[in-house]
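Novice: predicted structure and sequence below. I'll ask about it afterward.
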Amino acid sequence: MIVSDTGPLISAFQSRSFPLLHALIGHVVVPHAVADEITQHGWSDELAAAGERIRVVELETGEHAKAQEVADAIGTSDPLPHRGEAEAIVLACRSSEFRNSEFCELILIDELAARNYATKMGLRVVGFPGILLMATRTKVLSPEDLKSRLESCRDQGTYYSQPLIEDVYQMAHTVWRSP
């Protein structure tokens, strides 16, 4: 299981890659803020269709204040722009029941400032392009399919720059050729 922010899941839904994401990494855990953001962005049907493959978890009592601190540290005093990222980071750092299990293997975040903060917290971070790259490493996706999925996300409003798409595409070619 892994923790996810909103962006990577929306990208997975946009590119019809959620089954692939689930096959590669298993169940996804999200805080309520992420589930709310997914719904606000119009992906509630896909969230519902994911069923038990996406588990929505409530933050514990003291974790809401910690999430505000994380949101502030990411770059704003307004909790809304980074609420999902902040709650996902707090959830991934949780030292309770999940910390000694498979819960915190990885955190999915695309937004750069949040990725940097999560990395400083000692979390293993990957974004949606990294998930597609994993699929290319295992020969589940071709480099062309990876590029097509990222372009599909971009065409639907997700900010993946052309240089980023080209860089990931070139990496995909490199890993595709390796034994």
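Specialist: Now that the structure is in, tell me what you want to look at.
Novice: quick one, what contacts residue 151?
Specialist: Residues near residue 151 by CB atoms under 8 Å, 6 or more residues apart in numbering: 160, 165. Where C-beta positions appear, they are placed from N, C-alpha and C, glycine not excepted.
Novice: mean confidence score for the longest helix that the chain contains?
Specialist: Among the elements of type helix in the chain, defined by DSSP state H, the one spanning the most residues is helix 162-177. Mean per-residue pLDDT for helix 162-177: 92.
Novice: and it, what does it pack onto?
Specialist: With contacts defined as 3 or more CB pairs under 8 Å, 6 or more residues apart in numbering; DSSP states H and E, the packing partners of helix 162-177 are helix 128-137, helix 143-155.
Novice: among these, show me which one is buried the most.
Specialist: For the helices and strands packed on helix 162-177, ranked by mean neighbour count under the definition mean count of other CB atoms under 10 Å, the leader is helix 128-137 at a mean of 22.
Novice: tell me which other helices or strands that one touches.
Specialist: The contact analysis (3+ CB pairs under 8 Å, 6+ apart) places helix 128-137 against helix 6-14, helix 18-25, helix 143-155, helix 162-177.
Novice: next, name the residue at the spatial heart of this structure.
Specialist: Centroid-nearest residue in the chain: residue 108, 2.8 Å away (criterion: CA atoms, centre = their mean).
Novice: quickly list what that residue is bridged to.
Specialist: Partner residues in beta bridges with residue 108: residue 4, residue 126, with DSSP bridges as the criterion.
Novice: and for residue 55?
Specialist: residue 29.
Novice: which residues touch it?
Specialist: If a contact means CB under 8 Å, 6+ apart, then residue 55 has 1, 27-30 as its contacts.
Novice: got the contact list for the helix or strand containing residue 69?
Specialist: For residue 69, the element it lies in under DSSP states H and E is helix 63-74. Helix 63-74 is contacted from outside by 31, 33, 59, 78-79, 81-83, 85-87, 89-91, 94, 113-114, 117, using CB under 8 Å, 6+ apart.
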